[in-house]
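Novice: give me a 3D structure for the following:
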Amino acid sequence: MKSDTPNTRARSLCVVLLSGGIDSAACVRFYLQQHFSIRGLFVNYGQTSAVPEKRAAKAVAAYYRIPLAVVTWYGLEQKRSGAIKGRNAFLLFGGLMEIPGNVRVLAIGVHAGTNYADCSPIFVRKVQSVLDLYTAGRLQLGTPFLKWTKRDIWAYAKTNNVPLHLTYSCERGVKQPCGACPSCRDLEILHACS
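Specialist: Just a heads-up that it's a prediction; the model follows:
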């Protein structure tokens, strides 16, 4: 990211893909600390956990007093928990379609320590190339946690008063932690370590 002065960044808009989970809530906090004006974007793409995720995204947005837009995609079928092929690409390009032209950063809370292709540096580079194509380089893909592990994000969230109690991370859409999905298994490990 360019090294803008705080005054320049204060005028810059950042849209955070706000799923209501730990990573995206921490992402909002990160960009607020960088003096960006923040808007949240929640996307219901047919995920099993859409209802509790949306509730959590609204709660996190209210906590930080940021506007939240909600977009619903009516796909062919409901998506299962676990790896969803193309998910982050879909969210980012859907976000690109929905955000105004004065937004300077489109942020997502992807992080290291997963096997997902769409959480990798090569994915981020390729998506940035497409964003450059569409915006002539005016829109930066924000991935502040790309080299951080989930544990690093958890520590950052705890240290920076991210409202973890408002977040929701279960991929099955049930009471968390369910103990079965990858997100809840991460949550159980993080709680045990803190």
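
Novice: C-alpha only now, for contacts and for neighbours.
Specialist: OK.

Novice: burial count for Leu13?
Specialist: 20 (other C-alpha atoms under 10 Å).

Novice: what pairs with it across the strands?
Specialist: In this entry, Leu13 is beta-bridged to Ser37, Val103, by DSSP bridges.

Novice: correct me if wrong: it contacts His35.
Specialist: No. Between Leu13 and His35 there is no contact under C-alpha atoms under 8 Å: 9.5 Å.

Novice: skipping adjacent residues, who's closest to Val162 in space?
Specialist: In space, and not counting its chain neighbours, Val162 is closest to Ala26: 6.1 Å by C-alpha to C-alpha, 6 or more residues apart in numbering.

Novice: quick one: the one you found from Lys150, how far?
Specialist: 11 Å (C-alpha to C-alpha, to the nearest Å).

Novice: who has more neighbours, those two?
Specialist: Ala26 (27 against 20).

Novice: thought that one was touching Leu166?
Specialist: No. With contact defined as C-alpha under 8 Å, Ala26 does not reach Leu166; the gap is 11.7 Å.

Novice: can you give me the helices for this structure?
Specialist: Assignment of helices within the chain using DSSP state H yields the ranges 6-10, 22-33, 50-64, 87-98, 121-135, 150-159, 182-193.

Novice: if you skip the residues just before and after it, what's nearest to Ala83?
Specialist: In this structure, Ala83 finds its nearest non-sequential neighbour in Tyr116, 7.2 Å apart by C-alpha to C-alpha, 6+ apart.

Novice: revised request: answer the last question for Gly20.
Specialist: What sits nearest to Gly20 in space, not counting adjacent residues and going by C-alpha to C-alpha, 6+ apart, is Ala57, at 3.8 Å.

Novice: residues making contact with stretch 84-95?
Specialist: 17, 41, 43, 106, 108, 118, 127 (C-alpha atoms under 8 Å, 6 or more residues apart in numbering).

Novice: report the distance from that stretch to the chain centre.
Specialist: 11 Å (C-alpha atoms, centre = their mean, to the nearest Å).

Novice: in it, what's buried?
Specialist: 88, 91-92, 95 (16 or more other C-alpha atoms under 10 Å).

Novice: mean confidence for that stretch?
Specialist: Mean pLDDT, stretch 84-95: 91.

Novice: still on that earlier bit, of the helices of the chain, which is nearest Gly173?
Specialist: Gly173 sits nearest to helix 50-64 of all the helices of the chain, at 6.6 Å, using C-alpha to C-alpha.

Novice: what residues of that closest one count as buried?
Specialist: 50, 52-61, 64.
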